[in-house]
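Trainee: need a 3D model of the following:
(chains A, B, C and D)
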There are 2 protein chains.
Amino acid sequence: MKHDIDTLYRVNEFAELAGVTVRTLHHYDRLGLLKPSRRSGSGYRLYGNRDLARLEQIVVLKFLGLPLKQIRDLLKKESGLPESLRRQRRVLADKRRQLDSAIHAIETAEQSLKPKQEPDWNLFKKIIKEIEMQNDTEWSKKYYTPEAQAKVEDRKKLWSLELQEKVSRQWSELFADIEASLHEDPAGPKGQALAARWKELLAGFTGGDPEIQKGLNKMWADKDNWPELRRQEYAIKPEVQAFIMKAMGK
Amino acid sequence: MKHDIDTLYRVNEFAELAGVTVRTLHHYDRLGLLKPSRRSGSGYRLYGNRDLARLEQIVVLKFLGLPLKQIRDLLKKESGLPESLRRQRRVLADKRRQLDSAIHAIETAEQSLKPKQEPDWNLFKKIIKEIEMQNDTEWSKKYYTPEAQAKVEDRKKLWSLELQEKVSRQWSELFADIEASLHEDPAGPKGQALAARWKELLAGFTGGDPEIQKGLNKMWADKDNWPELRRQEYAIKPEVQAFIMKAMGK
DNA sequence: TCTTGACCCTGACGTAACGTCAGGCCTGAT
DNA sequence: ATCAGGCCTGACGTTACGTCAGGGTCAAGA
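Mentor: Now for the predicted structure:
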């Protein structure tokens, strides 16, 4: 449609359309990351639909934490995206580990603050030193034995990927299967089979310990043990949860 | 001891002693965060042992992600630390969720890149919209009335399929992270952070019931409750399970 | 004593991704 | 013609330092 092609927006309109600020558009313009396809006679920025598409790509990559310069290059060459994603994923994973460490340190600190009044700085120091030592160790592992380490790392990653996919898929499939069986009798064979799969997967997480299983079973039997809040937090669909509850109860 | 009290270091020495850079000390000096207790006649910074203690506190709080200004205030008042830690923990938890989302998005993107050659921007957009919706929901919880919330919550349930995936993804990620940390000390901070995530996720499945949690915790304490046979039946790798066992035991 | 090299000082710009004025032009409606 | 509201281009602020640049200080060797 000609209309679509010709539609031009001024900054404010365009910014609202795309969910960014005007200043951001100015910024991207100056960086050469996103220049409006036209300018009015008086210098107003005029953006078209192609600009919108590009901006959306930018927003996506920015969400992934890529720096604007890199985004610019990526969108220029249109290649190298896979490699960038791999790198970025590793970067983010590292950041997450850092965060975990910090969170753990805070939790420990809060524990030590409860009984006393004074913060236990030595405890802090200890925690951080450990973390630093770890990082150094990992770092050396990354850079010192590239040969021998490579194989192990590769296999580990393969395994881990495989495992990841497998577990994810199992839960997803189970959710899907349950949803597809909502009309069935939870106490019937199909329902029981689903419940068994649920238990099995969960047992995988709990290590299959009989005591824990007992506790879990007791819990499944008691509806009130599924508090509303938690349900929403983890977002298991209510129908699915209701179904599996019934199936477990039987 | 007089010797300890009198020992004075010049910047470089002091910096190496504390594991920071000279520039950092300059910076803290200017900010008023850490001023050397003395200056030589020619203006050289001279740091003492009390300065070292303070710097260590600063380093610790900085590791937790607190901004320098806040650190300065905290060390001035010496109170309000508990509240700051609570806030900071929430901030870090939020960041971690953000990272999880981004990592998930990247993984999905990589999947979609495998078969095709072209990046699937629409898929990207979808993912990000979901994540934003999530965040909006959480955000609104803090600021909107419960009634106004209900509507948003309803909409959220529609998307729960994706959120289901999120749950299994969290487990997968946890497994992957554990596997990547097998060489670490389960009793160390990293191991403990992983154990904490494990507990947290498990709590999601158990509905957060305190009784059951208690039982579980008791269970974790007893290594022998993880039978060898069962372990192999499920998708959890033995090393992973062994690691988390040890981490829980701590 | 002079010089040399190592160490110290302050000041100032650069970084990432915009937020936030400030001063001034453009446009559409009254 | 005027006025509100949108648009323009600077330009400084933010965070926690890194990295010169230009210039003193100090102890040791020639």
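
Trainee: just after the helix or strand containing A:Ala15, pick out the following helix or strand.
Mentor: Using DSSP states H and E, A:Ala15 sits within helix A:11-18. Heading C-terminal from helix A:11-18, the first helix or strand you meet, by DSSP H and E, is helix A:22-31.

Trainee: by contact count, what packs against the next helix or strand after that next one?
Mentor: Sequence order places strand A:38-39 as the next helix or strand after helix A:22-31, per DSSP H and E. For strand A:38-39, the elements it packs on are strand A:45-47, judged by 3 or more Cβ pairs under 8 Å, 6 or more residues apart in numbering or on different chains; DSSP states H and E. Every C-beta, even on glycine, is put in place using the N, C-alpha and C of the backbone.

Trainee: is DNA strand D contacted by the strand it packs on?
Mentor: Yes: if you take Cβ under 7 Å from any atom of the strand as the test, strand A:45-47 does meet DNA strand D, through A:Arg45.

Trainee: show me what that strand pairs with in its sheet, parallel or antiparallel.
Mentor: Applying DSSP bridges to the sheet, strand A:45-47 is found paired with strand A:9-10 (antiparallel), strand A:38-39 (antiparallel).

Trainee: do you know which of those strands lies nearest B:Asp177?
Mentor: Nearest of the strands paired with strand A:45-47 to B:Asp177, taken as Cβ to Cβ: strand A:9-10 at 43.8 Å.

Trainee: count the residues that sit near A:Lys69.
Mentor: Number of residues near A:Lys69 (other Cβ atoms under 10 Å in any protein chain shown) recorded here: 11.

Trainee: what's the distance between A:Ser40 and A:Lys62?
Mentor: In this view, A:Ser40 and A:Lys62 are 28 Å apart by Cβ to Cβ, to the nearest Å.

Trainee: more neighbours, these two?
Mentor: Remark: of A:Ser40 and A:Lys62, A:Lys62 carries more neighbours, 16 against 11, as counted by other Cβ under 10 Å.

Trainee: the helix or strand hosting that one versus helix A:22-31: what angle between them?
Mentor: Assigned by DSSP H and E, A:Lys62 belongs to helix A:49-63. Here helix A:49-63 points in a direction 100 degrees away from that of helix A:22-31 (axes from the mean of the first three to the mean of the last three Cα atoms, to 10 degrees).

Trainee: report the buried residues of helix A:49-63.
Mentor: A:Asp51, A:Leu52, A:Arg54, A:Leu55, A:Glu56, A:Gln57, A:Ile58, A:Val59, A:Val60, A:Leu61, A:Lys62, A:Phe63 (16 or more other Cβ atoms under 10 Å in any protein chain shown).

Trainee: how about stretch A:66-86?
Mentor: For stretch A:66-86, by 16+ other Cβ under 10 Å, it's A:Leu66, A:Leu68, A:Ile71, A:Arg72, A:Leu74, A:Leu81, A:Ser84, A:Leu85.

Trainee: near chain B, from the residues you listed?
Mentor: On the criterion Cβ under 8 Å from any Cβ of the partner chain, A:Leu81, A:Leu85 are the entries of the buried residues of stretch A:66-86 that sit beside chain B.
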